[in-house]
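Enquirer: The following comprises the amino acid sequence and a computationally predicted model.
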Amino acid sequence: MKKTVLILLCIVIACDLYIIACAETNGDYEYVILNDGTAEITKYNGNDTELVIPSELDGYPVTSIGEYALYEFDSLKSISIPDSVINIGEAAFCFCYSLPNITLPDNIVCIGEYAFAGCRILTSINIPDSVTYIGKGAFDYCDSLMNINIPDGVTSINDGAFFSCASLTNITIPRSVTSIGNYAFTYCESLINITIPDSVTDIGENAFYKCKNLTSITIPDSVINIGEDAFADCPNLTITVTRDSYAAQYCKENNLNYNYPDSPDWLNNLKKWLSPILFPTMRWDR
């Protein structure tokens with residue numbers, strides 16, 4: 001119920017993007033006036049490589065950077081977003097190839113689908129605690145992104161949110177998250193370990209597919225659904241599960257390396273090293 005309310009809140013915010021007037025122009029900016037009397041930037045027509053987004057346009061507070069507003073602005077090197085902005089629209093900064101980092105204001109609530117997708121040299125981005133929604137594919141193909149924080153208000157890591165973030169080494173999933181979407185971390189080749197909190201119930205298909213350097217992941221009892229190939233082609237991975245859990249059964253059925261947290265270290269290590277050599281089709285479950 002909480003997840004539904006948060007998603008609806010973001011839809012309401014995004015759709016407060018109900019336009020009550022025709023598009024306006026102020027300098028290099030095109031914008032529309034929303035029904036709450038604030039402005040959404042719909043397009044930037046300038047060529048500043050170091051851009052400062054205004055906090056108001058013609059007296060209207062800027063609260064949203066709209067869909068595709070700076071799409072493929074490939075010479076953009078830095079951007080400052082005012083505190084008045086609460087919404088980043090779909091693909092707003094998609095394919096801004098020259099953008100190395102970005103600081104989001106503290107009042108942001110929603111990061112739309114593919115908002116920063118394809119920002120290939122983006123190495124860091126702060127996501128403030130105010131954010132409750134990160135859209136599908138929001139950071140996919142951000143090849144240089146190394147670390148990211150997910151705020152406690154986020155309830156779902158949506159489909160493909162971090163797809164092919166090949167440099168991502170560290171991510172913490174907060175206890176507010178209940179689901180990890182399809183392809184959420186596919187091709188995150190630099191991830192080494194990850195702990196899934198006991199708030200999570202669903203892990204989507206291909207969620208960690210081809211995370212080739214992932215060595216350990218802990219799956220709690222709360223998880224009751226894991227999609228097809230969620231951990232496929234993770235050759236170095238050992239999954240820690242509890243006995244008789246859904247995750248343990250999933251590992252057995254999918255021929256995945258796993259261990260139990262209550263097994264002695266020497267036994268877990270013995271299983272890890274000997275099982276694939278002596279018993280290549282067998283998984284130890286005792």
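Expert: All right, it came through fine.

Enquirer: Can you get me a residue count around residue 190?
Expert: By other Cβ atoms under 10 Å, 16 other residues sit near residue 190. For glycine as for every other residue, the C-beta is placed from the backbone atoms N, C-alpha and C.

Enquirer: mind listing what the nearest residue to it once chain neighbours are set aside touches?
Expert: Once flanking residues are discounted, residue 190 sits nearest to residue 169: 4.8 Å by Cβ to Cβ, 6 or more residues apart in numbering. The neighbours of residue 169, taking Cβ atoms under 8 Å, 6 or more residues apart in numbering as the test, are 146-147, 190-192.

Enquirer: where along the stretch 1-150 of the chain do the helices fall?
Expert: Taking DSSP state H, counting those that start in this stretch, the helices of the stretch 1-150 of the chain run over residues 2-14.

Enquirer: At which residues are the strands of it located?
Expert: 24-26, 29-33, 39-44, 50-52, 56-57, 60-65, 78-80, 87-88, 101-103, 110-111, 124-126, 133-134, 147-149 (DSSP state E, counting those that start in this stretch).

Enquirer: what's the average pLDDT for the last one?
Expert: Over the span of strand 147-149, the pLDDT mean works out to 89.

Enquirer: and if you look at stretch 131-143?
Expert: 97.

Enquirer: Likewise for stretch 222-233?
Expert: Here the average pLDDT along stretch 222-233 is 98.

Enquirer: Need the CA coordinates for that stretch. PDB is fine.
Expert: Coordinates of each C-alpha in stretch 222-233 appear next as PDB, following Å, rounded to 0.1, in the frame of the first residue of the first chain:
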ATOM      1  CA  SER A 222      11.600 -12.200   3.200                       C
ATOM      2  CA  VAL A 223      12.200 -12.900  -0.500                       C
ATOM      3  CA  ILE A 224       9.400 -15.000  -1.900                       C
ATOM      4  CA  ASN A 225       9.900 -14.500  -5.600                       C
ATOM      5  CA  ILE A 226      13.100 -14.600  -7.800                       C
ATOM      6  CA  GLY A 227      12.800 -14.200 -11.500                       C
ATOM      7  CA  GLU A 228      14.400 -16.300 -14.200                       C
ATOM      8  CA  ASP A 229      18.200 -15.900 -14.700                       C
ATOM      9  CA  ALA A 230      18.400 -13.400 -11.800                       C
ATOM     10  CA  PHE A 231      21.900 -14.500 -11.100                       C
ATOM     11  CA  ALA A 232      22.900 -16.200 -14.400                       C
ATOM     12  CA  ASP A 233      26.500 -15.900 -15.700                       C
END
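
Enquirer: Can you say which helix or strand has residue 248 in it?
Expert: Element membership for residue 248, per DSSP states H and E: helix 246-253.

Enquirer: Determine how far that helix lies from the middle of the whole chain.
Expert: For helix 246-253, the gap between its own C-alpha mean and the chain's C-alpha mean amounts to 26 Å (Cα atoms, centre = their mean, to the nearest Å).

Enquirer: how close does the closest residue in space to residue 123 that isn't next to it in sequence get to residue 75?
Expert: Spatial nearest neighbour of residue 123, excluding adjacent residues (Cβ to Cβ, 6+ apart): residue 144 at 4.9 Å. Distance from residue 144 to residue 75, counting by Cβ to Cβ, to the nearest Å: 17 Å.
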